[in-house]
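*Asks:* The sequence and its predicted three-dimensional model are supplied below.
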Amino acid sequence: MKYIQTDNGLEYQRTFEQTCQKHNLTHYLIHKNSPNENAVIEKSFRTDQDEFYYWLEEAPEHMGELNQWLQEFINKYNTWRPHQALDYKTSLEVVKTVQMS
């Protein structure tokens, strides 16, 4: 069974539910006021805040530019930056190791 878990945000809810059905995904919602149930994404948001948004030196010209900058940051974070919690390997190195086993 494939599933996806999200918070209780109402953004695009109808479209999202239709997409889940189309792809045979069961959609689970975390309990209200329970961010620990979605701890991985909450940690990701914190990392984005601390290591990306805080260090912006200029305002983007538009949201598309900000999104491009964020995607570049995420790519570097996962493919280039070693992580102490991963034995000083990159996220990509760990994923490749898991895929090969």
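*Replies:* Happy to help now that I have it.

*Asks:* And for Trp69, nearest residue in space, chain neighbours not counted?
*Replies:* Pro60 (6.6 Å; Cβ to Cβ, 6 or more residues apart in numbering). Yep, even glycine has a C-beta here, placed from its N, CA and C like the rest.

*Asks:* What distance do you get for that neighbour to Thr79?
*Replies:* When distance is defined by Cβ to Cβ, to the nearest Å, Pro60 is 23 Å away from Thr79.

*Asks:* again, but for His27
*Replies:* Taken as Cβ to Cβ, the span from His27 to Thr79 is 30 Å.

*Asks:* Neighbouring strands - and their directions - for the least confident helix or strand in the chain by mean pLDDT?
*Replies:* Using mean pLDDT, DSSP states H and E, strand 3-6 stands out as the lowest-scoring helix or strand of the chain, at a mean of 84. Using DSSP bridges, strand 3-6 pairs in its sheet with strand 26-29 (parallel).

*Asks:* and the partner strand, C-alpha only, in CSV?
*Replies:* Presented in CSV, the C-alpha positions along strand 26-29 are these (Å, rounded to 0.1, in the frame of the first residue of the first chain):
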residue,chain,number,x,y,z
THR,A,26,-4.2,6.6,0.7
HIS,A,27,-4.1,10.1,2.3
TYR,A,28,-3.5,10.3,6.1
LEU,A,29,-3.7,13.5,8.0
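
*Asks:* Show me what secondary structure element comes after it.
*Replies:* Downstream of strand 26-29, the first helix or strand assigned by DSSP states H and E is helix 39-51.

*Asks:* how far is that next one from where the chain is centred?
*Replies:* 8 Å (Cα atoms, centre = their mean, to the nearest Å).

*Asks:* again, but for stretch 2-19
*Replies:* Mean C-alpha position of stretch 2-19 versus that of the full chain (Cα atoms, centre = their mean) differs by 15 Å.

*Asks:* buried set for it?
*Replies:* The neighbour-count check on stretch 2-19 (16 or more other Cβ atoms under 10 Å) flags Phe16 as buried.

*Asks:* which residues touch it?
*Replies:* By Cβ atoms under 8 Å, 6 or more residues apart in numbering, the surrounding residues in contact with stretch 2-19 are 20, 23-30, 32, 35, 37-38.
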